[in-house]
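S.K.: Need coordinates for the below:
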Amino acid sequence: MLHDCAAGPYRVAYNQMVVLGLSDSDVNRIFRALADATRRDIVRRTLVADVSVSQLADSYAMSFAAVQKHVAILEEALLVTKEPRGRERMVRANPDRIRQAQNLLDRFEALWRSRIDRLDSLLAEDDPTRPGP
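M.R.: Below is the predicted model of the structure:
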């Protein structure tokens, strides 16, 4: 799917799927999942160590079922994986997926920095106080 990142003579189009291996629905799932503070905290905690769903539930002022739903949303976005270990279900962050999200944000940052640089150049050209040749 092509995305138009700018209009006018500096139009930039890119194929997000080819560039980052993420579809629009992937990107939407990732950032919807990370939009919630509890889910961001679960990702942070599971980057440090595997944590059982029960341990996570004990850490938040919400029901076990609510924590399970948060984990399910993170799983759907592939930000965490859940695997059985005995009677427990252990949750582990997926650093590769988090890296994909970071790469996408880095690309957006680069795009906006280039736009700001172009704007600075245009403003400098129109600056009447700038010494002429």
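
S.K.: okay, CA-based contacts and neighbour counts for the rest of this
M.R.: Noted.

S.K.: Got the phi and psi for Gly86?
M.R.: The phi/psi pair for Gly86 (degrees, to the nearest 10) reads phi 70, psi -130.

S.K.: Roughly how far does it sit from Ser52?
M.R.: Distance of Gly86 to Ser52, given as C-alpha to C-alpha, to the nearest Å: 11 Å.

S.K.: Am I right that Val27 is in a helix?
M.R.: Yes - counting by DSSP: H, G, I helix; E, B strand; the rest coil, Val27 is part of a helix.

S.K.: Retrieve the pLDDT associated with it.
M.R.: Predicted confidence (pLDDT) at Val27: the value is 91.

S.K.: Also Arg99?
M.R.: 93.

S.K.: Distance of it relative to Arg85?
M.R.: Where Arg85 is concerned, Arg99 sits at a distance of 26 Å (C-alpha to C-alpha).

S.K.: Surely Ala77 touches Leu34?
M.R.: No - in this structure, Ala77 is not within contact of Leu34 by C-alpha atoms under 8 Å, at 9.3 Å.

S.K.: more neighbours, Arg99 and Arg85?
M.R.: Higher neighbour count among Arg99 and Arg85: Arg99, with 12 against 9, using other C-alpha atoms under 10 Å.

S.K.: Could you check how far the more buried one is from Leu74?
M.R.: Distance from Arg99 to Leu74, by C-alpha to C-alpha: 15 Å.

S.K.: any idea which element Ile73 lies in?
M.R.: helix 64-76 (DSSP states H and E).

S.K.: Brilliant, that's me finished.
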